[in-house]
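1. Need the 3D shape of this:
(chains A and B)
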Amino acid sequence: MSGKSSSVAWTEFRSNPISILGLVLVVFCIALALFADVITPYPAHVGPIGDFTAINQAPSAAHWFGTDTIGRDLLTRIVYGFRLSLLMAVLVLSISMPVGVILGLFAGYLGGWVEFVLMRLTDIFLAIPPLVLAMAIMGFLPATLTNAMLAVTVMWWPWYTRLVYNVVRAEAREGYVLAAEVIGASPLHLMFREILPNCAPAVLTKLTLDIGFVVLMVSSLSFLGLGVQPPTPDLGSMVADGAKYMPDAWWLSIFPALAIMILVLGFNLLGDGLREAFDAEV
Amino acid sequence: MSCVLRIKDLTLGFRKGRQTAQVLHGVSLHVAAGEKVALVGESGSGKSVTAQLALGRLQQERGTLTTGAIEVVGHDLIARPEAMAPERGHRMTMIFQDPTSALNPVFRIGEIFAEVLRSGGRRVSEAAARERALKALAEVHIPDPARALDSYPFQLSGGMNQRVMIAMALVNEPELLLADEPGTALDVTVQAQTLRLMDDLVTQKGTAVLFISHNLSVVREFADRVYVIYRGRIVEHGRTAQLFADPRHPYTQALLSAAPKLIGGGLPDLPEHSDAFREPLVVHEGCGEPGEVPA
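-> Model prediction:
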């Protein structure tokens, strides 16, 4: 999609203030993550060592979001937490999305037993609550960052399979597929060159929404102690650690939780905006 | 007489489990080179499955049972339906009901055109493809062909898309064009214009056409000969003038009087249960199938 075709979508997107808010939040979070080394006041506080002369300080001019139990600047750790969360979301989705899309494409186009096997498998995955499934997987894997990502990846692809399967089923009935078939296009050509590009708007929208959800999922795992291990700064484990000191040291949980909220909200608003924009174009 | 399409005693059934639904009960028709033939019938009469069989697609699906003979540009499509694959898009092409949905919305007209020219693995350079596409679009009176080639299908009107489809169907100079209710999705005036255009072009290029429609008045303008199909059987066959002047089968008579009128009337009741409805095929004078003794 380029040129004039996307300008309709862009006009629609621009006219919606909520979508723009989402875009601003997303750009803000990505910028923080990219330039974490430059903008954070205490980059050294990423590791296990803090400033023992400033333990458990409430928000102040020196430490905007306060400090934690070993004197590390919370703002610094939250900004690095953004970086980790986004990186994990991108890694998880860059594996689960293509896998899910290709399986959905095959299931939707080929039908028959391919469809039966793939879609029933998908149903099984989707029937289990995602967090429970991820916890089950983490139950027999050591709790590390890589394994947490693996667990989330394993449970994420079925959503794309289901989505693309439905889009393909609808698109396969369009005249252009028959028209291409009639001039002798092969099944692979039909699937990947004719139908797949028409799945792009749906997949792109879901991808944007999912970045928020994956962040939430990974944070939930970390909150439960099944994901990122200390001293790596992670928003979910920060909320969990801080919860022990509520309500006295309230900043320890509240600020990381707000950070998760802003990140997820930003991607959700952007995703919704994209969906409306693509709908308007069609 | 050389036939580009010849169907003889064709039957088609769909099998599901132990049951078989018989759809065609011995259809015979032919299209000679350069001839315009119409196949007319109501929904469910079997006209579209006949086209699907002539494309060589349907008989490759599981659960379809065919007997009889289909011969398209010299290929036997009952014995070897896959033989048709390399010919589609070249010696035989097709035009569809809804031109806008038949063009993939994510590609520019020029890209789709190049694909049509390259169908069957033929090598055509980018520049040559564009030149041929420009020429083909000019033939169907597209005002600014270069601009149309750079447009996406949804940026053109339905009528323009239909003309683009006609240009694509004829650019490889096919011997046979299958037109399955072309332009039914368009409004009536645009449909009439594009049909006239298609008529001119196929006459000029000597392309044979099998025109599938439910609309007798459209067929009257276009076809040399007409087959009327009803419930999987050809019930009447004649030259267009003969058939319209003297419809003999009760179904044809009903179909003719079913043409919408502005005031009153509406659809007549079909005397489906009368004995006349079970009358065998009515063939008008001089219209026998090739190889048969003329009636």
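
2. How far off centre is stretch A:126-140?
-> 17 Å (CA atoms, centre = their mean, to the nearest Å).

3. and it, average pLDDT?
-> Mean pLDDT, computed over stretch A:126-140, is 83.

4. how near is A:Asp68 to chain B?
-> 51 Å (CB to the nearest CB, to the nearest Å). In short, each C-beta sits where N, CA and C put it, glycine included.

5. go on, A:Leu163?
-> For A:Leu163, the distance to chain B - CB to the nearest CB - is 18 Å.

6. thinking that residue is in contact with A:Gly104, fair?
-> Yes: A:Leu163 is within contact range of A:Gly104, at 6.6 Å (criterion: CB atoms under 8 Å).

7. Comparing these two, which shows the higher neighbour count?
-> A:Gly104 (28 against 18; other CB atoms under 10 Å in any protein chain shown).

8. what comes up buried for stretch A:272-282?
-> In terms of neighbour count (16 or more other CB atoms under 10 Å in any protein chain shown), stretch A:272-282 has its buried residues at A:Asp272, A:Gly273, A:Leu274, A:Arg275, A:Glu276, A:Ala277, A:Phe278, A:Glu281.

9. same check, this time on stretch A:192-203
-> By 16+ other CB under 10 Å, the buried positions in stretch A:192-203 come out as A:Arg193, A:Glu194, A:Ile195, A:Leu196, A:Asn198, A:Cys199, A:Pro201, A:Ala202, A:Val203.

10. okay, who's weakest in the buried residues of stretch A:272-282 by pLDDT?
-> Ranking the buried residues of stretch A:272-282 by pLDDT, A:Glu281 lands last with 60.

11. Can you name the residue of chain A nearest chain B?
-> A:Ile183 (3.1 Å; CB to the nearest CB).

12. tell me the contacts of that residue?
-> B:Arg88, B:Gly89, B:Thr93, B:Glu115, B:Val116, B:Ser119, B:Gly120 (CB atoms under 8 Å, 6 or more residues apart in numbering or on different chains).

13. try 10 Å
-> B:85, B:88-90, B:92-94, B:112, B:115-120, B:168-169, B:172 (CB atoms under 10 Å, 6 or more residues apart in numbering or on different chains).

14. going on from the worst-scoring helix or strand of chain A on mean pLDDT, what's the next piece of helix or strand?
-> In chain A, no helix or strand scores lower on mean pLDDT, DSSP states H and E than helix A:4-14, which sits at a mean of 70. On the C-terminal side of helix A:4-14, the closest following helix or strand by DSSP states H and E is helix A:17-34.

15. and that next one, what other elements does it pack with?
-> Counting by 3 or more CB pairs under 10 Å, 6 or more residues apart in numbering or on different chains; DSSP states H and E, the packing neighbours recorded for helix A:17-34 are helix A:4-14, helix A:74-110, helix A:196-223, helix A:251-281.

16. any low-confidence regions in the stretch 101-250 of chain B?
-> Judged against pLDDT under 70, the stretch 101-250 of chain B has no low-scoring part.

17. and it, which of its residues are near chain A?
-> B:101-108, B:112, B:115-121, B:150-155, B:165, B:168-169, B:172, B:178, B:180, B:185 (CB under 10 Å from any CB of the partner chain).

18. Which residues belonging to the helix or strand B:Lys8 falls within are considered buried?
-> Taking DSSP H and E as the criterion, B:Lys8 maps to strand B:3-16. Across strand B:3-16, burial judged by 16+ other CB under 10 Å covers B:Cys3, B:Val4, B:Leu5, B:Arg6, B:Ile7, B:Lys8, B:Leu10, B:Leu12, B:Gly13, B:Phe14.

19. do stretch B:29-37 as well
-> So, applying 16+ other CB under 10 Å, buried residues of stretch B:29-37: B:Leu29, B:His30, B:Val31, B:Ala32, B:Gly34, B:Glu35, B:Lys36, B:Val37.

20. Check stretch B:77-88 too.
-> B:Leu77, B:Ile78, B:Pro81, B:Met84, B:Ala85, B:Glu87, B:Arg88.

21. Closest one to chain A out of the buried residues of strand B:3-16, please.
-> Closest approach to chain A among these (CB to the nearest CB): B:Leu5, at 15.2 Å.

22. and that closest one, bridged to which residues?
-> With DSSP bridges as the criterion, B:Leu5 is bridged to B:Val31, B:Val72.

23. still on that earlier bit, between A:Leu163 and A:Gly104, which contacts overlap?
-> With CB under 10 Å, 6+ apart, A:Leu163 and A:Gly104 have common neighbours A:Cys199, A:Val203.

24. which one is A:Trp251 nearest to, not counting chain neighbours?
-> A:Gly66 (3.9 Å; CB to CB, 6 or more residues apart in numbering or on different chains).

25. which residues in the stretch 1-150 of chain B form helices?
-> Using DSSP state H, counting those that start in this stretch, the helices of the stretch 1-150 of chain B run over residues B:47-54, B:109-117, B:126-139, B:145-149.

26. would you list these in a markdown table and tack on mean neighbour count and distance to B:Thr67?
-> As requested, the helices of the stretch 1-150 of chain B are exported to a markdown table (neighbours: other CB atoms under 10 Å in any protein chain shown; distance: least, CB to CB, whole Å):
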| stretch | mean neighbour count | distance to B:Thr67 |
| --- | --- | --- |
| helix B:47-54 | 22 | 12 |
| helix B:109-117 | 22 | 34 |
| helix B:126-139 | 17 | 39 |
| helix B:145-149 | 19 | 45 |
